[in-house]
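S.K.: Prediction below, plus the sequence it came from.
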Amino acid sequence: MELQFKRHRRLRTSASMRALVRENHLIAEDFIYPLFIYEGENIRNEVSSMPGVFQVSMDHLQAEMEDIVKHGIKSVLLFGIPATKDECGQQAYHDHGIVQVATRFIKEKFPEIIVVADTCLCEYTSHGHCGVVEGEKILNDQSLELLVKTAVAQAKAGADIIAPSNMMDGFVAAIRVGLDEAGFEEVPIMSYAVKYSSAFYGPFREAAEGAPQFGDRKTYQMDPANRMEAFREAESDVAEGADFLIIKPGMPYLDIVRDIKNTFNLPVVVYNVSGEYSMIKAAAANGWIDEKNTVLEMLIGMKRAGADLIITYAAKDAIRWLKEEV
Ligand code: PBG
């Protein structure tokens, strides 16, 4: 009997043939690059658990931004490390809070760069939680008020996009009303709609100096075992007026990325978080893994899963490597 089978390898015979049938591509516009702005002077600290990622003070921001522009990055996501913290995280919403100062600077000097402001309290509160604390409880509705103040302060400073990451219920609705009332109806909300309580945030908490001082974030961030819950979270954020949906972390949650992409008609953003970045850095430093090919495979995997945008610390490297490929 004649042997019958498909010759899939016909489409893989050469680099040109593979390029011809390639289904997904990475471009500079895909990436949002996180920046850690440190209140103080003359600070450019490499985060020990995140090689290649720096906390920078305002006097180093010009040089950092020039480097970002030179790489071809189009958007940045700002996190602040304030000089002082308190129970209510006042530096998050003060007009002279570090993210507001950095936003004004970037929008004045680099107006074409999209500034996304992370709207959360954990870097600003003494207890390191993302909301108002009473005893051991994180209060939902009281936290919303402070988050709205933060979002409005960020928009006032010129932020192009507000990205609330705090996981309080109703944060999109509250922030949308707050922004509209303050005259910022044109400022979109990029909601961390689906944010899991993840061990992969470990290195970030060193970078942002925002680790919780007691307990954990499990009463507001999601259980990694759950899928239906992701639909519920995304549904409510869409109903409340979100303009983008973030899924976070990336790699262990690409099934959820595909689910959300197939279900909602909003741009889907994947947060390729600190732990995902640091694992590859550490393995590469040991000579166990090829950094360039691993990072590019991770990022194209996110696009294939349905990401329209990727927040990643590897943006500079990725763009440089993509240019080498051409
Ligand atoms: C703040 C926030 C966190 C991250 C982004 N925003 C930490 C957390 O929720 O504990 C993590 C990002 C990363 O790991 O790269 N709420």
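M.R.: Sure thing, it's come through.
S.K.: Let me see the contact set for the residue in the stretch 1-150 of the chain that the ligand sits nearest to.
M.R.: Going by Cβ to the nearest ligand atom, the ligand is nearest to Cys120 of the stretch 1-150 of the chain, at 4.1 Å. Every residue, glycine included, has its C-beta placed from N, CA and C. By Cβ atoms under 8 Å, 6 or more residues apart in numbering, the residues touching Cys120 are 92, 130, 147, 150, 164-166.
S.K.: Which members of the residues you listed additionally contact the ligand?
M.R.: 130, 165 (Cβ under 6 Å from any ligand atom).
S.K.: Tell me which of the contacts of Cys120 fall in strands.
M.R.: Assigned to strands by DSSP state E, the following of those qualify: Pro164.
S.K.: Which ones among the contacts of Cys120 map onto helices?
M.R.: Applying DSSP state H to the contacts of Cys120, the entries found in helices are 147, 150.
S.K.: how about a markdown table for the contacts of Cys120, with neighbour count and pLDDT added?
M.R.: Formatted as a markdown table, these follow (neighbours: other Cβ atoms under 10 Å; pLDDT from 0 to 100):
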| residue | neighbour count | pLDDT |
| --- | --- | --- |
| Ala92 | 28 | 95 |
| Cys130 | 28 | 89 |
| Leu147 | 28 | 96 |
| Thr150 | 30 | 97 |
| Pro164 | 29 | 95 |
| Ser165 | 22 | 92 |
| Asn166 | 26 | 91 |
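S.K.: which stretches of this protein form helices?
M.R.: Under DSSP H, the chain gives helices at 15-20, 61-71, 98-109, 140-157, 171-181, 202-207, 228-240, 254-263, 274-285, 291-305, 315-325.
S.K.: just flag whichever of these has the lowest average confidence.
M.R.: With a mean of 92, helix 202-207 has the lowest mean pLDDT of the helices of the chain.
S.K.: Give me the contacts around it.
M.R.: 36, 47-50, 53, 55, 79, 210-211, 273-275, 277-278.
S.K.: same thing with stretch 52-60?
M.R.: Counting by Cβ under 8 Å, 6+ apart, 34-47, 64, 81, 98, 101-102, 105, 207, 277, 281, 313, 316-317 sit against stretch 52-60.
S.K.: again, but for stretch 139-155
M.R.: Under Cβ under 8 Å, 6+ apart, the answer for stretch 139-155 is 88-89, 92-95, 97, 99-100, 103, 117, 119-121, 130-133, 162, 164, 166, 168-171, 174-175, 177-179, 182, 184, 187.
S.K.: and the stretch 1-150 of the chain, which of its residues are near the ligand?
M.R.: 118, 120, 122, 130.
S.K.: could you dump stretch 311-325 to PDB, C-alpha only?
M.R.: Below are the C-alpha coordinates for stretch 311-325, written out as PDB (Å, rounded to 0.1, in the frame of the first residue of the first chain):
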ATOM      1  CA  ILE A 311       4.800  45.200  29.200                       C
ATOM      2  CA  THR A 312       8.400  43.900  29.500                       C
ATOM      3  CA  TYR A 313      11.700  44.700  31.100                       C
ATOM      4  CA  ALA A 314      13.300  43.000  28.100                       C
ATOM      5  CA  ALA A 315      12.100  45.700  25.700                       C
ATOM      6  CA  LYS A 316      15.400  47.300  25.000                       C
ATOM      7  CA  ASP A 317      17.200  43.900  24.500                       C
ATOM      8  CA  ALA A 318      14.300  42.600  22.300                       C
ATOM      9  CA  ILE A 319      14.300  45.600  20.000                       C
ATOM     10  CA  ARG A 320      18.100  45.400  19.600                       C
ATOM     11  CA  TRP A 321      18.000  41.700  18.900                       C
ATOM     12  CA  LEU A 322      15.100  42.200  16.400                       C
ATOM     13  CA  LYS A 323      17.200  44.700  14.500                       C
ATOM     14  CA  GLU A 324      20.100  42.200  14.400                       C
ATOM     15  CA  GLU A 325      17.800  39.700  12.800                       C
END
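S.K.: Now that stretch: buried residues?
M.R.: By 16 or more other Cβ atoms under 10 Å, the buried positions in stretch 311-325 come out as 311-319, 321-322.
S.K.: And stretch 233-246, by the same measure?
M.R.: By neighbour count on 16+ other Cβ under 10 Å, the buried set for stretch 233-246 is 233-234, 236-238, 240-246.
S.K.: swap in stretch 49-64?
M.R.: 49-50, 53-58, 60-61, 64.
S.K.: for stretch 214-228, same thing?
M.R.: Within stretch 214-228, judged by 16+ other Cβ under 10 Å, the buried ones are 217, 220-222.
S.K.: With stretch 85-103 instead?
M.R.: Result for stretch 85-103 [16+ other Cβ under 10 Å]: buried residues 85, 88-94, 97-103.
S.K.: repeat for stretch 254-268
M.R.: Result for stretch 254-268 [16+ other Cβ under 10 Å]: buried residues 254, 256-261, 264, 266, 268.
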